[in-house]
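In: Sequence below, structure please.
(2 chains)
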Amino acid sequence: MIKRRINIRMSGLGGQGAVTAAHVMAMAASRDGKFAISNPFFGAEKRMAPAESYCRIGVNKIYDRGELVFPDVIEVFHPQVITLGKSYTMPFYSGIKEGGVVIINSDMPLLSDEDVTRLRDLNVAVFYVAGTKLALEVAGTELSTNMTMIGSAAGITKCVSLKALDGALQERFGKKFVASGGTATLDEAIKKKFAKKEMLLKKNLDTVIRSYEIASEWAEKNNVELAVAAA
Amino acid sequence: MATQSLVGTTNRAGQTVTDPWELMHATERTPSFFTGSEVIKEAVRRANCDVMIAYPITPQSEAAALIGELFAEGFIGDYFRGESEFAVMSQCAGAAFGGARVFTTTAGPGTMRAMENFPMWAGARLPIQMIVTCRGINSPLSIQPDTLEISYLLNTGMLVWHAETAQDFYDWILKGYMVAEEPDVHLPLALCCDGFFVTHTKDVVNLTPADMCLPPYDPYRSPVPCMDMECPPVRMMRDPFVMKSNYISYATHASWQQEVWAAIERSRKHSIRWLDGLIEVDNADADILIVSSGTAVSQGREAKCMLEDEGIDVGIVKVKTLRPWPAEEIREATRKARHIIVPEFNVTGWMAKEIRATIPNPDRVYAGPHVCGGMTMPPEIIAADIKARLGLRAESLAGRGS
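Out: Predicted structure coming up:
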């Protein structure tokens, strides 16, 4: 399905970089000449607490703000979003549009039979990516898990280009970035994982590319087509 | 006037003082993909501010911290951290009494805590600019957007504007000083936006050049004496009015309140010029009009697109200024409308009440949909409410996907 707009809901846990992932996706889409908006929703900034972010990408100006109640793509950054219900909605896929895609960071299936049936009835494709494992393999740190979620969404929908993602990552991590105290602390933590900023940027981009390739291959094999019209 | 004579000179940060109209309308704009908080920083960078006073409260904390960086970079004369919002707003008053251009930011419970100061600012004719990034104010605690706090500001005597987007925010911070500092206005401005929807959202904003700024504030354009304790609006020290209980003291106070509200009215002509009208109308000929302010307008625009796909014609009225209230403009824009839909991010529906009190045949006003306490308003629910109002069948949204 080619759409005028794709709405991506990212459900994660505090500290996983769901907010950053949505910002980076939107920055990249903007670089590609598309219209994009990203925004987070969270309560107290607390590790492992539910945190959500939203990225809207389209060919027309986007006015819609706030929580994405009816998304095309849902990304689950952590198994606990499903297993412990750490989600803003119950079930976590509430509101997903017909023909949508659910991307789950897990190396094992997490959905109940009932969930599988309901999603199948809505013609929703489910893609499992072992994101945290992949982040450890490619970047050497689980803090790059959000990069695998960016790569997966981009690989399936092609809503942003890898070139634009490279630029967006440099924009986000290449210079001083002021956010909340929690985000600043995490930025420092991830910088300490790499000897140099160039390494941080390269390893994170490598992680994006690797997951992009895996997701792209999966979408092709399973005939999953969900894309934004050309800008 | 002194302010204009400084055009072409440089300020403390090396920026060129530029004619404000030229700055906003004739300079080259650079598109930037920023969060609303970053946009506040960039506007303040160009506002030639003397004093900024900060206190943390989500969702304005990032903006307040970013402006601290501006101070470190030399763009702000002085930067204080207050002990509470009440202290912040009192400090703002002190700085403004002293002749400074003052900027501050607050949100939700912070706005409520500081409330005593706002009528005082207005009465003292201090053109302070306060950014209000609206959030829930009632228990149980919420940090998410809810516009109830705006209704409390409407009768303080401040100018109250409600920005829809980060671009509005950027432009209106700079334009706000130009309106608020006019001698026939000289009032504080509460420039409101919906927290998170604007502050934490990344969007494209067109910025004016960073090496150009507004002319500095000229305190000699104030219509009242600077820090004179003997004359109104202050007259607190010697023989104060408050110590008397007589006709003269009441009359002084009454006439001064009338003068403050007259000053709000006098801001109209300046606001119309700078904001290109107090309202913005899109398709006023439609039978159905969505009328609101802030993010509710954005959500209304999305609902309009959805309904258009189904062949339903909808118009939009965006209310930019709440004080002054654009009564004439709203009456004219809604003249033909049969259904006036007022979506709001608060439980009481204060905007719908204002509109009902403004127009003939107020039965046309449908107060809703409402969300509150930090909930999002999907455009789908506005579209569904409009269809219900028209007697059309709307898809049930509650069971969707579950």
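In: What are the contacting residues of the lowest-mean-pLDDT helix or strand in chain A?
Out: Least confident helix or strand, chain A: helix A:181-192 with a mean of 75, by mean pLDDT, DSSP states H and E. By C-beta atoms under 8 Å, 6 or more residues apart in numbering or on different chains, the residues outside helix A:181-192 that reach it are A:14-15, A:17, A:19-20, A:45, A:141, A:143-144, A:173, A:177-179, A:197, A:200. From N, CA and C alone the C-beta is placed, and that goes for glycine too.
In: what's near enough to touch A:Leu119?
Out: Contacts of A:Leu119 by C-beta under 8 Å, 6+ apart are A:Tyr93, A:Ile96, A:Val102, A:Leu111, A:Val126.
In: How much space separates it from A:Asn223?
Out: Distance, A:Leu119 to A:Asn223, by C-beta to C-beta, to the nearest Å: 16 Å.
In: mind listing what B:Met351 touches?
Out: Listed by C-beta under 8 Å, 6+ apart, the contact set of B:Met351 reads B:Val291, B:Ser292, B:Ser293, B:Ala296, B:Val319, B:Val342, B:Glu344.
In: burial count for residue 70?
Out: All of this refers to chain A. 17 (other C-beta atoms under 10 Å in any protein chain shown).
In: that answer is for a different chain, and I need it for chain B
Out: Using other C-beta under 10 Å, B:Leu70 has 20 other residues around it.
In: now do the one 5 residues further on
Out: Around B:Phe75 sit 25 other residues, with neighbours defined as other C-beta under 10 Å.
In: now swap in the one 3 residues further on and tell me
Out: B:Asp78 sits with 13 neighbouring residues when counted by other C-beta under 10 Å.
In: Give the burial count for the residue lying closest to it once chain neighbours are set aside, as a bare number.
Out: For B:Asp78, ignoring the flanking residues on the chain, the nearest one in space by C-beta to C-beta, 6 or more residues apart in numbering or on different chains is B:Val51 at 5.0 Å. When neighbours are counted by other C-beta under 10 Å, B:Val51 registers 22.
In: Now the terminal residues of stretch B:102-115, how far apart.
Out: The straight-line separation of the ends of stretch B:102-115 (C-alpha to C-alpha, to the nearest Å) is 17 Å.
In: wait, stretch B:147-156
Out: End-to-end distance of stretch B:147-156: 16 Å, with C-alpha to C-alpha as the criterion.
In: so where's chain A shaky on pLDDT?
Out: Counting by pLDDT under 70, chain A shows low-confidence ranges at A:176-182, A:231.
In: Just give the number of residues close to the residue of it found nearest chain B.
Out: Chain B sits closest to A:Gly66 of chain A, with a gap of 3.4 Å, by C-beta to the nearest C-beta. Residues lying near A:Gly66 (other C-beta under 10 Å) number 24.
In: Between helix A:181-192 and the next helix-or-strand element following the least confident helix or strand of chain A, find me the angle.
Out: The helix or strand immediately downstream of helix A:181-192 is helix A:197-221, counting by DSSP states H and E. Interaxial angle of helix A:197-221 relative to helix A:181-192 (axes from the mean of the first three to the mean of the last three C-alpha atoms, to 10 degrees): 100 degrees.
In: ok, the residue of chain A closest to chain B to A:Thr20 distance?
Out: Distance of A:Gly66 to A:Thr20, given as C-beta to C-beta: 19 Å.
In: list the contacts for residue 142?
Out: Picking chain A for this. Residues near A:Glu142 by C-beta under 8 Å, 6+ apart: A:Thr132, A:Ala135, A:Leu136.
In: looking at chain B here, not the other one
Out: Neighbouring residues of B:Ser142 by C-beta under 8 Å, 6+ apart: B:Gly108, B:Arg135, B:Gly136, B:Gly373, B:Gly374.
In: what sits against residue 132?
Out: You didn't pick a chain, so chain A it is. With contacts defined as C-beta under 8 Å, 6+ apart, A:Thr132 is in contact with A:Asn105, A:Glu142, A:Thr145, A:Thr148.
In: Correction: the question concerned chain B.
Out: If you count contacts by C-beta under 8 Å, 6+ apart, B:Val132 has them with B:Thr105, B:Thr106, B:Ala107, B:Thr111, B:Glu149, B:Ile150, B:Leu153, B:Ala190, B:Leu191, B:Cys192, B:Cys193.
In: likewise B:Gly176?
Out: Taking C-beta under 8 Å, 6+ apart as the criterion, B:Gly176 is in contact with B:Gln129, B:Leu159, B:Trp161, B:Leu189, B:Leu191.
In: Buried subset of those, written for PyMOL?
Out: Here is the PyMOL command that selects only those of the contacts of B:Gly176 that count as buried (16 or more other C-beta atoms under 10 Å in any protein chain shown):
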select buried, chain B and resi 129+159+161+189+191
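In: Next, count neighbours for B:Ala26.
Out: For B:Ala26, the count of nearby residues is 10 (other C-beta under 10 Å).
In: can you count the residues close to the residue nearest to B:Glu116 when sequence neighbours are not counted?
Out: Spatial nearest neighbour of B:Glu116, chain neighbours left out: B:Phe86 (7.1 Å); criterion: C-beta to C-beta, 6+ apart. Residues lying near B:Phe86 (other C-beta under 10 Å) number 16.
In: Just confirm B:Phe86 is within a strand.
Out: No - with DSSP: H, G, I helix; E, B strand; the rest coil as the criterion, B:Phe86 is assigned helix and is not in a strand.
In: Select only the buried ones of the contacts of helix A:181-192 in PyMOL?
Out: Entered in PyMOL, the line below selects the buried ones among the contacts of helix A:181-192, by 16+ other C-beta under 10 Å:
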select buried, chain A and resi 14+15+17+19+20+45+141+143+144+173+178+179+200
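In: Could you list which of the contacts of helix A:181-192 belong to helices?
Out: A:Val19, A:Thr20, A:Phe173, A:Lys197, A:Leu200 (DSSP state H).
In: The fourth one contacts A:Gln170, correct?
Out: No - applying C-beta atoms under 8 Å as the test, A:Lys197 and A:Gln170 come out as separate, 9.6 Å apart.
In: Can you tell me which of the contacts of B:Gly176 end up in strands?
Out: If you go by DSSP state E, the contacts of B:Gly176 have B:Gln129, B:Leu159, B:Trp161, B:Leu189, B:Leu191 in strands.
In: Spell out which parts of chain A neighbour chain B.
Out: For chain A, the contact set with chain B under C-beta under 8 Å from any C-beta of the partner chain comprises A:23, A:26-27, A:30, A:35-41, A:43-44, A:63-67, A:69-70, A:91, A:93-97, A:118, A:122, A:178-180.
In: For the helix or strand hosting B:Ile67, buried residues please.
Out: Using DSSP H and E, B:Ile67 falls within helix B:61-72. Going by neighbour count (16+ other C-beta under 10 Å), the buried part of helix B:61-72 is B:Ser61, B:Glu62, B:Ala63, B:Ala64, B:Ala65, B:Leu66, B:Ile67, B:Gly68, B:Leu70, B:Phe71.
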